[in-house]
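Mind looking at a prediction? Sequence and model below.
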Amino acid sequence: MRRPRLCPCQRRLGALALWGYTAGVIAGYAIIARRTLAPGHPLASAPEPAPGGEVWPLVSIVLPARDEARNIRACVESLLAQDYPAFELIVVDDASSDATPRVLEEIARTHARAGRMRVVRLDSLPPGWAGKPHALDAGATRARGEWLLFTDADTRHEPAALRTAVSQARAGGADLFSLLTAQELPDFWGRVIMPIAFMGISSLYPERAVNDPRSEVAIANGQYLLIRRAVYEVIGGYANPELRGTVVDDRDLARQVKRRGYRLVVADGRALVRTQMYHGLREHWRGWSKNAYAGNPGGPLLFAFLTAALPIGAIAPYVLLPVGLVARRREWVLAGAIQVGTMAAYRTALNRQLGIPWRYVWTHPLGAAVFTGILGRAAWGKLTGRTVAWRGRSYRV
């Protein structure tokens, strides 16, 4: 079957659209690369304090845990092993129905430093609260420290992590100091989906803007969030009506801090703290569906744009190239090759940063397809008022 003949005007318009699209893909990934690829290196451990030196402030570590039996032991033991001289650990057992309470009891009986740990048991969730803010508030109200460290049960901490974070926060005059953690991605779906999630979050919340006091952009990483107690109390803590029901507690706390003129600093802590957020496709789907819409900083229009841009910019080029080969359209093949090459170059750098094998470069369109589905699910849930189930509770997206 012969291809229909096009007039010169139609050919010129088609070529203009094709190469305009190609230029847009190249420009888009150049902007994304500038925003998402870390320019520096992870924080190194702070030097040991000199004998007889300054007095270190007491830090209260608040660790919320709900059905975290697979993670809680390793996390708690890494926190109790901190070489920081003055800390207490408050573990908030948020109505766990698995073996979490039993594991905590065993640690309390057998660990050499268990005297630093207290366990707070919550049995219910009051109306108007989301689970994590409620647990963090319960821990913070019982804390004695000058600084509060909020962290997650799926984290693992190097012994020098707390000492380094406190040193950096105090040296930089930070009121809220948050570490970006190393992501452990041993499974296929983690390596497919997390780069897309990281690309989106880092593009919307670039580190340079977050750390710029003149910028309104604010975010923190709830996996490691160190805040001055006095600042936390000024903003009303997680009992603040704007925070108690949020599913993006870290982002919204950072916003409150920055709006009041306090110093927000996000730093690369990959050498100090690591985490594995989700296990398997189902957890990734539910976890990101819960946070995707609420974490969007620009409202429904930006969310719609991002939902459309992801397949256009990350899936369509991988379709254009083989279609061009089959149809024997040389210009399609060339444009598709340029677009795919641009994305492969970006993903090579991103994979290296995230510690993902190079071959996962070619899963970029698969990850984009899954995340497009997640964004679509979040948008539909927002429109219809549906909820997402997470750890035995339901949350509106």
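Done, it's in.

The helix or strand encompassing Arg347: how far from the chain's middle?
Using DSSP states H and E, Arg347 falls within helix 330-354. A distance of 25 Å separates the centroid of the chain from that of helix 330-354, by Cα atoms, centre = their mean, to the nearest Å.

Grab the nearest non-local neighbour of Ala44.
Spatially, and ignoring its direct neighbours in sequence, Ala44 is nearest to Ala271 (6.5 Å; Cβ to Cβ, 6 or more residues apart in numbering). Heads up, the C-betas are built off the backbone N, CA and C, glycines and all.

If I look at that neighbour, what pLDDT would I see?
Note on Ala271: pLDDT of 94.

how far away is it from Leu320?
Distance, Ala271 to Leu320, using Cβ to Cβ, to the nearest Å: 40 Å.

okay, these two: which has more neighbours?
Neighbours per residue, other Cβ atoms under 10 Å: of Ala271 and Leu320, the larger number sits with Leu320, 22 against 18.

So what angle separates the directions of the longest helix anywhere in the chain and helix 330-354?
Counting residues, the longest helix found in the chain (DSSP state H) is helix 8-36. Comparing the axes of helix 8-36 and helix 330-354 via axes from the mean of the first three to the mean of the last three Cα atoms, to 10 degrees yields an angle of 10 degrees.

how many neighbours does the nearest residue to Ala114 once chain neighbours are set aside have?
Nearest-residue entry for Ala114: Ala108, 4.9 Å, with adjacent residues in sequence omitted and distances by Cβ to Cβ, 6+ apart. For Ala108, the number of neighbouring residues by other Cβ under 10 Å comes to 15.

in this protein, which spans are strands?
With strands called from DSSP state E, the chain shows them at 59-65, 87-94, 117-122, 147-151, 155-157, 176-180, 182-183, 224-228, 264-268, 273-275, 387-390, 393-396.

which helices and strands does the first one pack with?
When contacts are defined as 3 or more Cβ pairs under 8 Å, 6 or more residues apart in numbering; DSSP states H and E, strand 59-65 sits against helix 72-80, strand 87-94, helix 131-141, strand 147-151, helix 161-171.

would you turn the ones you listed into JSON lines with distance to Leu366 and mean pLDDT?
Shown next, in JSON lines, are the helices and strands packed on strand 59-65 (distance: least, Cβ to Cβ, whole Å; pLDDT from 0 to 100):
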{"stretch": "helix 72-80", "distance to Leu366": "30", "mean pLDDT": "98"}
{"stretch": "strand 87-94", "distance to Leu366": "34", "mean pLDDT": "98"}
{"stretch": "helix 131-141", "distance to Leu366": "30", "mean pLDDT": "97"}
{"stretch": "strand 147-151", "distance to Leu366": "32", "mean pLDDT": "98"}
{"stretch": "helix 161-171", "distance to Leu366": "34", "mean pLDDT": "96"}
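
Just put the strands of the chain in TSV and tack on distance to Ser289 and mean neighbour count.
Below are the strands of the chain laid out as TSV (distance: least, Cβ to Cβ, whole Å; neighbours: other Cβ atoms under 10 Å):
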stretch	distance to Ser289	mean neighbour count
strand 59-65	21	25
strand 87-94	21	23
strand 117-122	25	17
strand 147-151	23	26
strand 155-157	22	23
strand 176-180	23	26
strand 182-183	19	20
strand 224-228	23	25
strand 264-268	25	22
strand 273-275	19	22
strand 387-390	5	16
strand 393-396	9	15
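
Just send the ones you listed back as CSV, with distance to Thr348 too.
Shown next, in CSV, are the strands of the chain (distance: least, Cβ to Cβ, whole Å):
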stretch, distance to Thr348
strand 59-65, 36
strand 87-94, 40
strand 117-122, 43
strand 147-151, 32
strand 155-157, 27
strand 176-180, 20
strand 182-183, 17
strand 224-228, 28
strand 264-268, 20
strand 273-275, 22
strand 387-390, 33
strand 393-396, 36
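
my read: the residue nearest to Ala44 touches Ala165, true?
No - counting by Cβ atoms under 8 Å, Ala271 does not reach Ala165; the two are 11.8 Å apart.

quick one on the thing from earlier: tell me which residues of the longest helix of the chain come out buried.
Buried residues in helix 8-36, counted by 16 or more other Cβ atoms under 10 Å: 18, 21-22, 25, 28-29, 32-33, 35-36.

Please give me every residue in contact with the residue nearest to Val231 when sequence neighbours are not counted.
Of all residues not flanking Val231 in the chain, Asp175 sits nearest, at 4.6 Å (Cβ to Cβ, 6+ apart). Contacts of Asp175 were listed using Cβ atoms under 8 Å, 6 or more residues apart in numbering, and they are 227-228, 231, 257, 262-264.

do the same with Val62
Counting by Cβ under 8 Å, 6+ apart, Val62 touches 90, 92, 136, 139-140, 143, 148-151.

Val266 reaches Arg208, doesn't it?
No - contact criterion Cβ under 8 Å: Val266 and Arg208 do not qualify, at 10.0 Å.

Any idea how many residues pack against Gly299?
Burial of Gly299 is recorded as 9 neighbouring residues (other Cβ under 10 Å).

So, low pLDDT: which residues of this protein?
1-6, 10, 39-40, 49-54, 390, 395, 397 (pLDDT under 70).

So which residue is dead centre in it?
Asn221 (6.2 Å; Cα atoms, centre = their mean).

Please list all residues in contact with that one.
Residues counted as contacts of Asn221 (Cβ under 8 Å, 6+ apart) are 178-181, 250, 266.

Next, format those residues as TSV and append distance to Ser78.
Output for the contacts of Asn221, formatted as TSV (distance: Cβ to Cβ, whole Å):
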residue	distance to Ser78
Ser178	18
Leu179	14
Leu180	18
Thr181	12
Asp250	20
Val266	21
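
circling back: which one of the contacts of Asp175 is nearest Leu204?
Nearest to Leu204 among the contacts of Asp175: Leu264, at 15.8 Å, using Cβ to Cβ.
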